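> everything below, folded, please.
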Amino acid sequence: MTTPLVRIVDDDADARSSSSFFLSMMGLEIKEYESAQRFLDEDDMNRPGCIILDVRMPDMTGMELQVKLNQKNCRLPIIFLSGHGELDSAKTRCFGFSSEIRET
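Modelled structure (predicted):
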């Protein structure tokens, strides 16, 4: 049986490191990616787990990555993080989000 993997996709190295540390203390296996493109290039999306995804990143945003994942028929659950409060409730419902957690 394959161990589930928590993927952290965030351009902020401190945020990635902090999230990774916290989740690894809970016994979870973690893989960090500094960009959406790096995630697309390197991740095995067939491995069970989830994605913790920053909304605002350069080059490709979290929302743009989600569109690409949908096109690839990737069904990994996504937890979006935003330190900027820019998640529009109408837009998130359109993308199929069930709830929002905002960083403070």
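
> now do the spatially closest residue to Thr61 that is not a sequence neighbour, the pLDDT please.
In this structure, Thr61 finds its nearest non-sequential neighbour in Val55, 6.4 Å apart by Cβ to Cβ, 6 or more residues apart in numbering. Every C-beta, even on glycine, is put in place using the N, C-alpha and C of the backbone. Looking at Val55, its pLDDT stands at 87.

> please apply the same query to Asp43.
For Asp43, the predicted pLDDT is 97.

> residue contacts, it?
Asp43 is in contact with Arg7, Lys31, Tyr33, counting by Cβ atoms under 8 Å, 6 or more residues apart in numbering.

> burial check on the residue nearest to Thr61, number of neighbours?
Counted by other Cβ atoms under 10 Å, the residues lying close to Val55 total 20.

> ok, Gln37 next?
That count, for Gln37 with other Cβ under 10 Å as the rule, works out to 15.

> mind checking the SS state of it?
Of the three states, Gln37 takes helix according to DSSP: H, G, I helix; E, B strand; the rest coil.

> I'd assumed Met60 was in contact with it.
Yes: taking Cβ atoms under 8 Å as the definition, Gln37 is a contact partner of Met60 at 5.9 Å.
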